[in-house]
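# When you get a sec, could you give me coordinates for this:
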Amino acid sequence: MLIRNHPELILWNPDNGVAYPPPFPTVKVISHLIVQDIIYKKPSRIAFILAYRPGKCVVIKDFKDKAFAAALYRSRHKCIGLPLAIIGEINIEYRRAHSRPSILFEPY
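Modelled structure (predicted):
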């Protein structure tokens with residue numbers, strides 16, 4: 001699955017999740033910043049560490065889809081060194097989690 005095709009990223013504005021540093025860059029600037037690292041905090045928070053000026057900029061996205069957040073983190077090596085706008089074109093291995101019953105009952 002291409003990262004940009006995930007339903008939670010189609011309309012995502014990364015400037016809503018900028019955590020550091022003020023003054024915050026615009027969406028246009030953020031899209032051209034280079035991904036230095038991707039940090040995963042369970043259950044589903046991804047922090048994109050972007051090169052910005054002499055330091056860095058942190059953009060945070062909380063996903064409802066925990067399986068996608070974990071898959072994105074596992075594929076972080078494909079994203080590091082690329083501009084944030086380009087990582088949407090990266091294909092990652094992701095299967096939508098299906099709800100399964102936690103206890104299986106056998107009929108009597």
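# If you average pLDDT per helix and strand, which one of the protein comes out bottom?
Counting by mean pLDDT, DSSP states H and E, the weakest-scoring helix or strand in the chain turns out to be strand 18-20, with a mean of 79.
# Report the buried residues of the following helix or strand past that one.
Sequence-wise, the next helix or strand downstream of strand 18-20 (DSSP states H and E) is helix 27-32. If you call a residue buried by 16 or more other C-beta atoms under 10 Å, then helix 27-32 has these buried ones: 30-31. C-beta here means a position set from N, CA and C on the backbone, and glycine is covered the same way.
# which helix is the longest one in this protein?
Secondary structure assigned by DSSP state H gives helix 66-74 as the longest helix of the chain.
# The most centrally placed residue in the chain is in what secondary structure piece?
Residue closest to the average C-alpha location in the chain (C-alpha atoms, centre = their mean): residue 46, at 5.0 Å. Assigning secondary structure by DSSP H and E places residue 46 in strand 45-52.
# sorry, back to before: if you count contacts, what does the least confident helix or strand of the chain end up packed against?
The contact analysis (3 or more C-beta pairs under 8 Å, 6 or more residues apart in numbering; DSSP states H and E) places strand 18-20 against strand 55-62.
# Can you classify the spatially closest residue to residue 1 that is not a sequence neighbour as helix, strand or coil?
Closest residue in space to residue 1, ignoring its immediate chain neighbours: residue 94 at 4.7 Å, by C-beta to C-beta, 6 or more residues apart in numbering. At residue 94 the chain is in coil, as set by DSSP: H, G, I helix; E, B strand; the rest coil.
# residues of the least confident helix or strand of the chain that come out buried?
For strand 18-20, the neighbour count (16+ other C-beta under 10 Å) marks residue 18 as buried.
# What strands line up against that strand, and which way round?
In the sheet, strand 18-20 lines up against strand 55-62 (antiparallel) (DSSP bridges).
# Sweet, I'm off.
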